[in-house]
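Mind folding the following:
(one chain, ligands or ions: 2)
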Amino acid sequence: MAKIVVALGGNALGKSPEEQLKLVKHTATSLVGLVSAGHKVVISHGNGPQVGAINLGMNYAAEHGQTAAFPFPECGAMSQGYIGYHLQQSLQNELHKQWLQKNVVSVITQVEVNPTDTAFQNPSKPVGAFYSKEAAQQIEHDKGYVFKEDAGRGYRQVVPSPQPKSIIELNSINDLIEAGNLVIAGGGGGVPVIKTDDGLKGVPAVIDKDRTSALLADNIGADQLIILTAVDEVYVNYGKSNQKAVRDLTVAEAKKYIDEGQFAPGSMLPKIEACLDFVSANEHRKALITSLDHLDDALAGKVGTVLSKQGALVKE
Ligand SMILES: Nc1ncnc2c1ncn2[C@@H]1O[C@H](COP(=O)(O)OP(=O)(O)O)[C@@H](O)[C@H]1O
Ligand SMILES: NC(=O)OP(=O)(O)O
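Numbering: from 1, shown residues only. Ligands and ions are numbered 1, 2, ... in the order given. Got it, this is the predicted structure:
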């Protein structure tokens, strides 16, 4: 039986609470399927659209004198609560349906980053809604936010995305896993914190959840890292008339495609890099990228992209 970290993409979780709950309910069925097959499953998730929406709402209320300003780390923590709530509820309902006895728990997770990380000078993580070029330029002018084009889908605000260094709640997460709980951790890449003389302090940034998920998977000794997003497979020539799905990627092939610029920064590139980090450290490790909708098909080998040092996903 395997220990598996499953990371759910923030952009793949829909645009509203209703959409998110529907998508999470569907994925919960596959996740509980993994649990009932005897695997130890740990779930992480993104928060790009959600933390952006929370931040926009809080800023709007603050600008209109309705609330105090809520900084980005606080918004990140709120997004962990919001998404963790939907995941917990959906997993609990599904476990109940399948007559399985297991506690589900979300851990508010802080992740240490380096205060001198160059990412703070170069915002790159897309958050919140998608805008037209003109609308993005207007907001840049009015509010001073930075916008970038996001994988052919429109323009989005970008914020610094430092590398995750360590997971502050790692011991608690490990204890909860070993006690048999179904754990949700590292949500939104974790709330980014730095170590200061006065202790931990939140910083305004959004850590890439794929990188944090790979770190979490490494730290807890996972065998597999599964990244669920909006596409069934990774493509070469993505978005072009000659795009082609890649079903199996070795470390060497993935590095070659990175050099060719096949994976968009801020979207597919961090996923591939996170998978590479994870599988490069140990030849028995496998990583899988597929869509939230098709996890079962991917585990049956029908869809999905598997990354490993050499072979295909081991189903044990
Ligand atoms: N080479 C590629 N193959 C597949 N998808 C790609 C590629 N390059 C960019 N993408 C885009 O990356 C998206 C996944 O990244 P993103 O939306 O940031 O993920 P998340 O689901 O974690 O929020 C896909 O939905 C697709 O639009
Ligand atoms: N924090 C993060 O990486 O979120 P997304 O998965 O939404 O990009």
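
can you map out the strands along the stretch 51-200 of the chain?
104-106, 110-112, 125-131, 147-149, 155-159, 166-167, 182-184, 191-196, 199-202 (DSSP state E, counting those that start in this stretch).

same check, this time on the stretch 201-316 of the chain
224-229, 234-236, 244-246, 248-250, 286-291, 305-308.

Deepest in the core, which of the ones you listed is it.
strand 224-229 (a mean of 27; mean count of other CB atoms under 10 Å). Bear in mind the C-beta positions are built from the backbone N, C-alpha and C, glycine included.

Please name every helix or strand in contact with it.
Using 3 or more CB pairs under 8 Å, 6 or more residues apart in numbering; DSSP states H and E, the elements in contact with strand 224-229 are strand 3-8, helix 209-219, helix 268-280, strand 286-291, helix 295-299.

how about CSV for the strands of the stretch 201-316 of the chain, with mean pLDDT and distance to residue 189 added?
Below are those laid out as CSV (pLDDT from 0 to 100; distance: least, CB to CB, whole Å):
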stretch, mean pLDDT, distance to residue 189
strand 224-229, 97, 13
strand 234-236, 97, 20
strand 244-246, 96, 25
strand 248-250, 94, 23
strand 286-291, 96, 17
strand 305-308, 96, 20
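
In space, what's closest to residue 106 - neighbours in sequence excluded?
residue 84 (3.2 Å; CB to CB, 6 or more residues apart in numbering).

re earlier: would you list the strands of the stretch 201-316 of the chain in TSV and tack on distance to residue 108?
Output for the strands of the stretch 201-316 of the chain, formatted as TSV (distance: least, CB to CB, whole Å):
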stretch	distance to residue 108
strand 224-229	22
strand 234-236	31
strand 244-246	36
strand 248-250	34
strand 286-291	26
strand 305-308	30
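
Give me the below-cutoff pLDDT ranges for the stretch 51-200 of the chain.
Judged against pLDDT under 70, the stretch 51-200 of the chain has no low-scoring part.

Quick one: name the residues of it near ligand 1.
residue 151 (CB under 6 Å from any ligand atom).

In the stretch 51-200 of the chain, which residue sits nearest ligand 1?
Closest approach of the stretch 51-200 of the chain to ligand 1 (CB to the nearest ligand atom) occurs at residue 151, with a separation of 4.2 Å.

hang on, that residue packs against residue 271?
No - between residue 151 and residue 271 there is no contact, the gap being 11.5 Å when judged by CB atoms under 8 Å.

higher neighbour count, the two?
Using other CB atoms under 10 Å as the criterion, residue 151 and residue 271 rank with residue 271 on top: 26 against 17.

Out of the strands of the stretch 201-316 of the chain, which gets nearest to ligand 2?
strand 224-229 (7.7 Å).

Which part of the stretch 151-300 of the chain gets nearest to ligand 2, residue-wise?
Counting by CB to the nearest ligand atom, the stretch 151-300 of the chain gets nearest ligand 2 through residue 209, at 3.6 Å.

The strands of the stretch 201-316 of the chain into CSV, with extra columns for distance to ligand 2?
Listed next are the strands of the stretch 201-316 of the chain as CSV, based on distance: least, CB to the nearest ligand atom, whole Å:
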stretch, distance to ligand 2
strand 224-229, 8
strand 234-236, 15
strand 244-246, 21
strand 248-250, 20
strand 286-291, 12
strand 305-308, 17
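
Residue 40 bridge partners, please.
Counting by DSSP bridges, residue 40 forms beta bridges with residue 3.

Next, count neighbours for it.
Other residues close to residue 40 by other CB under 10 Å number 21.

got the contact list for it?
1-4, 177 (CB atoms under 8 Å, 6 or more residues apart in numbering).

From those residues, list the buried ones, please.
With neighbours counted by 16 or more other CB atoms under 10 Å, those contain buried members at 2, 4, 177.

got a list of what the last one touches?
For residue 177, the contact set (CB under 8 Å, 6+ apart) comprises 3, 40, 42, 183, 220.

of the helices and strands packed on strand 224-229, which approaches ligand 1 most closely?
Using CB to the nearest ligand atom, those put helix 268-280 closest to ligand 1, at 3.5 Å.

For the closest one, which helices and strands make contact with it?
Using 3+ CB pairs under 8 Å, 6+ apart, the elements in contact with helix 268-280 are helix 209-219, strand 224-229, strand 234-236, helix 251-259, strand 286-291, strand 305-308.

Would you pull up how far the second one lies from the middle of the chain?
Spelled out, it's strand 224-229. How far strand 224-229 lies from its chain's middle: 9 Å, per CA atoms, centre = their mean, to the nearest Å.

Just want the angle from that strand to helix 268-280.
Orientation check (axes from the mean of the first three to the mean of the last three CA atoms, to 10 degrees): strand 224-229 against helix 268-280 gives 170 degrees.
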